[in-house]
Every structure is written in C-alpha cells, then in structure tokens.
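*Asks:* here is a sequence with its predicted model. Questions after.
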Amino acid sequence: MLARAVSHALVGLEARRVEVEVHVSGQVPGFTIVGLVDRACQEAKERVRSGIASAERQWPGGRITVSLAPAGLRKEGSGFDLPIALAILAASHQVSAERLAEHAALGELALDGRVRPVDGALAVAEGARRSGLSHLLCAAESAAEVRLAGIEAVPVEHLADAVAYLRGERSPPPFEGDGRPALAEQDFPDLAEVRGQERGRRALELAAAGNHNLLLAGPPGTGKTMLARRLPGILPPLGDREILESTRIHSVAGLLSHERPLVTAPPFRAPHHSSSAAALVGGGPGPRPGEVTLAHRGVLLLDELPEFARPVLEALRQPLEDGFVSVARVGGRAVFPARFQLVGTMNLCPCGGRGDGAAECTCSPQRYAAFRDKLSRALLDRFDLVVVVPRSRAHELAAAPGEGSEDVRRRVLEARGRLGEHRPERTREADELLDRAVERIPLSGRGRVRVARVARTAAALAGSRDVLPVHVAEALAYRSPRELSAR
Amino acid sequence: MSELTIAAFAAETGSHVLEHPRNARFAAFARGFDGASYEARLRGSGLRFLPRSDRSFPRLLASIHDPPVGLFLRGLAGAQLLERPAVAVVGARSCSPYGAHVARACGRALAAAGLVVVSGLARGIDGEAHRGALEAGGTTVAVLGCGVDRDYPAANRELASRIAETGLVVSEYAPGVEPAPWRFPARNRIIAGLCAITVVVEARAASGALITADLALEEGRDVFAVPGEITSALSAGTNALLGLGATPFTSAFDVLERYGLEAAAEPAPEVGARAAAMLERLRESPASADELARASKLDPGDLAAALTELELAGAIQEAEGVFRVL
C-alpha cells in the first residue's frame, strides 16, 4: 500500500518540491522516516501518531516507511507533519490517494490534531504553483500568504478538517479576502517630533526621494538615531511585487505574526552592533536570510556604525554594490535579495566628545585612529549623503515641532514620480561647477558620481527639469567631511 | 668635519652631545669614523648636514645658549631658507576645531606674506600650521625630534614629503635616530631658536608648546599666544602665557606688524547674494547649518548650496558640523 503527498522544502528563499511517500506493509509494526531529515522532522513521528489518534482515525498496523524524496535534499522543520499524516491515511485507504495527489500540504500537527502554521508558507505556495498544483492545505493562519502566491488556500484548523475535506464530506470555509487584508498602517514615528535639525531633515528627505544611503555623524544625544528611525515613515508604500518579495523573506524568517500576516510597509531593521557577519548577510547550516535581506526594499539602520566589527562592515560591501548576497554553506547555497537603503549613525570619536561644544574629546590619538580606520574609504564611499549633526542648543529643543512625515512623504512620492518619468540632466553650468568642485576639493571618481546622483534627486524634489548649479552645490554639501576621511 | 663626527657619535650612543666630548670612547669613535663616506651616504638618500661652523648656519639659532652641533636637512630648499624671517606656530596635538582653524589660518596668512612658518610636524596644531603655509603656496620648515628620514608621526608622512618639496625638514639628530620623549623638548629649542617670534595656538597647562614658549622667552624672542575660552583646558596654557605678558594673537596682522609687513590682501570671494549674506553672518561667529537656516529663514537646500559656494571659493570651512570663516 503506497500513497504519495506533495510538500516543499525551503532552500534559502526557494521551495523545492518534496514527495512524501508512505509505504505500509503488513509485517511487524514500526515507523521510520528517511530522506535526510533533521531532528524536528524526525520527531514528526510522535506528532503524527498522536494527531491521527486525535482526529479519530485508525493508525495502520504494520510497518510504515515514510520517504521524503529527493533523498539528497536536506529537509528541515515541522511543516511535513501534515503531508506525512495525510499520506499515511491515504496509504491505509482512509482518504482518497488520488485526491490527495492533487493537493500540496504544509503544516505542523499539534498532539491534539490541530494544524499549526509554519515559516515560509508563501515560498512553499509559490513552489506548489510552479509544480502545477492548484490547492494547498495549510493552517488557517497561513492562508493570507498562500493566497498572495496566487494559489487556492484550503485553510484547515484540525487534521480532521483536512480528512473531511479530502473525503469530500465537507469543505472548510474558504479563505476570504484578496490576499491583501486591510492592514492598519504601520505606525512609524513621525518627523513632526523632531525639532530643529533642518539639515538632517533635508538629508532624510533627499535620501527617501533618491533612495540614497545616509550617514549621520555627530556627538551623542543630537538626535541622529531619532532622525534615522523616521526614514521608513517617509518612504512610499511597497508595490505589489515588493510586498510579495518582502513577505516571502519575512515568512521564511518566521517574522510574520497573526496581526501582520503580510509585509506592506518598507521593512525597517536595526541590528545591534554586536551582530556577526552571518547574522547580517545571512548564513547558518542551511542558509537563512540575514538582516540585509530582511531589510530588502526597506531600511537597514546600523546604529553606532564604527562599533560593528570590521569584517561585518566589509561584508556589507557586496550587497550594497550588487543588491543581493550569495551565501554558500555546507547545507547548500542560496542567493538572497538585499536591495536595501543603508542608514548609519556614528559619533565623531570613540568617547563622543568631538563636535560637542560642552564636552572635550579624551580619546588618545591611537584610539581615535583605530576608530577611523574602521570606516574604510570603500565603505564611506557607499554613503551618498553624509551629514554632521552638531549638538543642538536648548532653544532649538523649545522650537515648534517640525513638518510631519505625511507632508514630506508626499514630496518624496512626487520626486520619485518625476525621477521615474524624466531623469533631469545637468546643465552646462552645473557641469562646470561639478568639475570645479572635483578639482578644488579632493573628490574621488565614485565621489563625483555620488554628488551627481544626489544633485539629480535635489532637482527632482525641486520639480526642476534640469539639474541646475544650485542642486550640484547642495549635493556637494553632503559629501564626506574631512574629519571622516583619511587625511 | 668634526661636527658631523659628533652628530654621528651622538646617534651611535643615543645621547645628546653639543660639544666636543673629551673622552676615550669618542676618541675611539672618531678614529674609526669615515666622514667622507658618511656624507656620500647622506647625499645618496637626498640629505645634507649643515654644521654649526658653516657660514650659512642660521645666526638666530647659533645665538641660543645651547645650539646644536649642526642640522641634518631634507628637502629641495637651500640652507639659506633658515636665514629668512621665520615664525614658529606651535600648540597641542589633540587640538580643538577652533585651534586647528586658527593654526591653519595663521600658517596661511604668515606664509602668504612671505614669512617662513616653522613647526614640529606633530599632529594637531603643528600639522595644521604646516598645511596652512603650503596652502598659501609659502614655505615651511618642520623640525623633528628624530632623524629626518623618519616620518614621525606616521600620520604626517605625506605632509612631510610635501614640505620637503618646497621647504625643509630638519633635525639635529642623524638619520635613523628613533623618536624618544626627551628629544622633543630639545627639538622645541630649535623651533624657538630658528624664529624671532613664536605663536602658541593652543596649549594645556604644563605642555610641550609651553616649553617652546619658555625657551623663546629665555632667548629674548617674542611670544604670541592665541586667547581661548577660559573654560577650555586646551587654552589654559595660552591664557596663562597671556597673563605672564605674552602678546595676544588676534590676527596674523599682529605678527606681520613686527616685521613691518602688510597682510596679503585677500580678494573678497565672488559669490552670490545669499552666499555673501551667509559670509557676513559667519564673520560674527561660527555656526552650524541649522542655526544658519533658522537665522536666515532660507530653505535648507538653498542654504546648503550657498555654503558650498563659499567653501569652493575658499572663504569658509566646515569642521564637525560647524562652519567658520577662514
């Protein structure tokens, strides 16, 4: 007695088809699972046995062999519980094997037979669609994700529901909604709470409009992090394709919740500076997405940039350049998308005294030199905008609240629209100014390109058809200042 | 030739020798010392030795009470550069943006008026003074507390070679001599000795720059001190100097006046109306971009453009987020 169910194993962000084959032979009772499965998957035996009992179905007597094919592919996690249970039931003729073969299945079983959601449902559903299946049996919580992949979700609360559905006895209530449930706008902190900081706010707006990387430097307590955290709030909402990409990533990483089943706003990630390179770019035995990938289509904030270990910062260079990371591990190789906007904050020296009128820097020259060495030229060159935020004065904090995020976001959207339909080009005067600046201030080739890019964004924000000298001049104001560059 | 022997002996023994040593060790060293080949080796590495007895040895330096036996020179300028009117600009290594700014502006103005700017190639004030002089296309002399072939500190290696292109890097220590703490006060007497005027830009109480000032006073040279905030430890030394009767340095004109020189007239930068207004405001006091934005009611974008215009014209400079007039 042989039966087969279809499920999927995740390799990075990609789902590979896995056939769950069950063979029941009338010999000595036994239960084995083969096919390069991990610990969680091996333990499916206990969950499946108890789940089938809770669904008031018969545990077939005899020797049960479960094979997950292809045998060479590593399989992790508890998502195979449901297909294994269903295939066992099909092999013992308790559900129709033909009908089961038309469905993909995914879900963890509780001991009482309930079906629990597992990570990566969206990627699995996409895999099922690609292998020509039209229905996916899954936990009710995963239905929104599955629907997003363009495949019919069959949400089941309990193993008994799945059995009843496959036997044609009753259908579970179909999943309502179009895959984009009305979500409360993610509430990012508002720019209106930032007082003063005219230059920092302007740089934030330019960064949002032109998708530029931004570095905020200055003594502690000047509001660098406060500004940085307000960037996602002025970014345009994600498009349909971006929602799909981000949701897939967050689903695989297990970051989706019942309240927020889909990623609809630009993701914001702020890893702590003790993070390892693998945590940032992705890794683990079967590669898992890192912070740069979780921040895909959103913002990656590296607070206290120089506190990150040097190899961690250097590991950022590839994703910053290419927009993806390629991670090779024992358990496989994966390419993760990583098109994120980088925002860094830093003090001007290790003790934080520099740039602060009230304090005095107590760093030894060696300590200061080591601090600056952390930030290689190559990394600093990746920041289009660098702003030194000096300590604000007391009267500044008493000033009226600034413009709110909503107004800024409207301008950002307009500018992005303009950049999309017509790319402003430099006038001859603007070109001359840029040439003059390259000679006058040491500006590398990459530095020149960065200035040109920011100037174009400034022109788009101003609604100008051409990049005028005033836009180039403004862009030049945000280049790396002397004190951050190696002399 | 005997001075070179003494200098080489001092390097060999790691000591500080100013007179002909009357001991057996020196006699043995002198017998085995081949002055001609030593000099050939110096020339081979682009260096020279200027003995105290040489006619072109700077007279001001020869007149101090413990002049060096001679100076090792590195650089394309001739030894007569050391005879030109010179001003020492010295100060703290870990200086504030204010000190760095003043040192640079001072170096620039003095060099532009034709004076030689002498300093010690250290980080901070020294380096800024040298850079200022080079920016003005002037000449500058760096006095080291180690061999002239040693780029110390390493951070100023490139600066040293730029100085050597038009000016001189000098030391009383033979090539190869390592920097040592006790050599720096000795080096300071040469800085003070070469110059009729010493300007102390920023100095903590009991610091190296004050040693230079003391040495200058002992030799009867003029000492200028840059007044600083009384709350800043970095200005404690300079403010104390003022209390002792040093002349306050309020602009390069104070120094130039002593030499009967005119400040090189800096043409007003040709900038737009907005930029000109910003320059006017910054002349009153340094300010951050945010302060300027509030004061001028300019949109931050336009303001940034105006400030860049001034920076490109060489009228202002940004350090740690604060803009200053040069």
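*Replies:* Here it is on my side, so go on.
*Asks:* ok, B:Val199 touching B:Ala105?
*Replies:* No: counting by Cβ atoms under 8 Å, B:Val199 stays clear of B:Ala105, with 11.5 Å between them. Quick note: C-beta positions are derived from backbone N, CA and C, even for glycine.
*Asks:* what's around the nearest residue to A:Phe188 once chain neighbours are set aside, how many residues?
*Replies:* The shortest distance from A:Phe188 to any non-neighbouring residue, by Cβ to Cβ, 6 or more residues apart in numbering or on different chains, is to A:Gly233 (3.3 Å). Using other Cβ atoms under 10 Å in any protein chain shown, A:Gly233 has 24 neighbouring residues.
*Asks:* after the strand ranked longest in chain A, which helix or strand is next? Please name it.
*Replies:* What stands out as the longest strand in chain A, according to DSSP state E, is strand A:14-25. Sequence order places strand A:30-34 as the next helix or strand after strand A:14-25, per DSSP states H and E.
*Asks:* partner strands of that following strand, parallel or antiparallel?
*Replies:* As defined by DSSP bridges, the strand partners of strand A:30-34 come to strand A:63-69 (parallel).
*Asks:* what residues does the stretch 51-200 of chain B put near chain A?
*Replies:* Contact residues, the stretch 51-200 of chain B versus chain A (Cβ under 8 Å from any Cβ of the partner chain): B:Arg93, B:Ser94, B:Ser96, B:Arg123, B:Pro153, B:Ala155.
*Asks:* now do 7 Å
*Replies:* Residues of the stretch 51-200 of chain B lying close to chain A (Cβ under 7 Å from any Cβ of the partner chain) are B:Arg93, B:Ser94, B:Arg123.
*Asks:* quick check: the second one touching B:Gly124?
*Replies:* Which is B:Ser94. Yes: using Cβ atoms under 7 Å, B:Ser94 is in contact with B:Gly124, at 5.9 Å.
*Asks:* what sits against the closest residue to A:Gly26 other than its chain neighbours?
*Replies:* In space, and not counting its chain neighbours, A:Gly26 is closest to A:Gly62: 4.6 Å by Cβ to Cβ, 6+ apart. Applying Cβ atoms under 7 Å, 6 or more residues apart in numbering or on different chains, we find A:Gly62 in contact with A:Val24, A:Ser25, A:Gly26, A:Gln27, A:Pro29.
*Asks:* leaving out sequence neighbours, find the closest residue to the residue nearest the centre of chain A.
*Replies:* Nearest to the geometric centre of chain A sits A:Leu294, at 2.0 Å (Cα atoms, centre = their mean). Distances taken as Cβ to Cβ, 6+ apart place A:Arg269 nearest to A:Leu294, at 5.1 Å, with adjacent residues excluded.
*Asks:* give me the longest helix you can find in chain B.
*Replies:* Longest among the helix segments of chain B by residue count, using DSSP state H, is helix B:97-112.
*Asks:* with just CA atoms, put that one into CSV.
*Replies:* The C-alpha trace of helix B:97-112 is given here as CSV (Å, rounded to 0.1, in the frame of the first residue of the first chain):
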residue,chain,number,x,y,z
PRO,B,97,38.4,72.6,15.8
TYR,B,98,39.0,76.2,16.9
GLY,B,99,42.7,75.7,17.4
ALA,B,100,43.0,73.8,14.2
HIS,B,101,41.3,76.5,12.3
VAL,B,102,43.4,79.3,13.9
ALA,B,103,46.6,77.4,13.2
ARG,B,104,45.8,76.8,9.6
ALA,B,105,44.6,80.4,9.0
CYS,B,106,47.7,81.7,10.8
GLY,B,107,50.0,79.5,8.8
ARG,B,108,48.3,80.6,5.6
ALA,B,109,48.4,84.3,6.3
LEU,B,110,52.1,84.3,7.5
ALA,B,111,53.3,82.2,4.6
ALA,B,112,51.3,84.4,2.1
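*Asks:* now tell me what touches that helix from outside.
*Replies:* B:87, B:89, B:91-92, B:117, B:124-125, B:128-133, B:135-136, B:138-140, B:199, B:201-202, B:226, B:234, B:252, B:255, B:263-264, B:317, B:319-320, B:322, B:324, B:326.
*Asks:* among these, the buried ones, what's the ChimeraX command?
*Replies:* Buried members of these, defined by 16 or more other Cβ atoms under 10 Å in any protein chain shown, are picked up in ChimeraX with:
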select /B:87,89,91,92,117,124,125,128,129,130,131,132,133,135,136,138,139,140,199,201,202,226,234,252,255,264,317,319,320,322,324,326
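*Asks:* sitting in strands, which of the contacts of helix B:97-112 do you find?
*Replies:* B:Val87, B:Val89, B:Val117, B:Thr140, B:Val199, B:Gln317, B:Ala319, B:Val322, B:Arg324.
*Asks:* any idea how far chain B is from the closest residue to A:Gly290 other than its chain neighbours?
*Replies:* Once flanking residues are discounted, A:Gly290 sits nearest to A:Gly282: 3.5 Å by Cβ to Cβ, 6+ apart. Applying Cβ to the nearest Cβ, to the nearest Å, the value for A:Gly282 to chain B is 36 Å.
*Asks:* show me what contacts A:Gly282?
*Replies:* A:Arg288, A:Pro289, A:Gly290, A:Thr293, A:Val325, A:Val327, A:Phe336.
*Asks:* just the pLDDT for the residue nearest the centre of chain B.
*Replies:* For chain B, the residue nearest the mean C-alpha position is B:Ser119 (2.0 Å; Cα atoms, centre = their mean). Listed pLDDT for B:Ser119 reads 96.
*Asks:* one more: A:Ala394?
*Replies:* In this model, A:Ala394 carries a pLDDT of 59.
*Asks:* A:Val156 now?
*Replies:* At A:Val156, pLDDT is 92.
*Asks:* how about it: what's its closest non-neighbour residue?
*Replies:* A:Ala162 (4.4 Å).
*Asks:* per-domain residue ranges of chain A.
*Replies:* Domain ranges of chain A: A:2-166, A:191-418, A:422-487, per automatic domain parsing.
*Asks:* taking the mean pLDDT, what do you get for the shortest one?
*Replies:* Going back to what we said before, that points to domain A:422-487. The model assigns domain A:422-487 a mean pLDDT of 84.
*Asks:* can you tell me the SS state at A:Ala104?
*Replies:* Secondary structure for A:Ala104, judged by DSSP: H, G, I helix; E, B strand; the rest coil, is strand.
*Asks:* tell me where chain A is predicted with low confidence.
*Replies:* Filtered on pLDDT under 70, chain A yields the residue ranges A:174-186, A:331-332, A:357-358, A:392-400, A:481-487.
*Asks:* what's near enough to touch the residue of the stretch 1-150 of chain B found nearest chain A?
*Replies:* Residue of the stretch 1-150 of chain B nearest chain A, by Cβ to the nearest Cβ: B:Arg123 (6.1 Å). Contacts for B:Arg123 (Cβ under 7 Å, 6+ apart) come out as A:Pro365, B:Arg93, B:Pro153, B:Ala155, B:Asn156.
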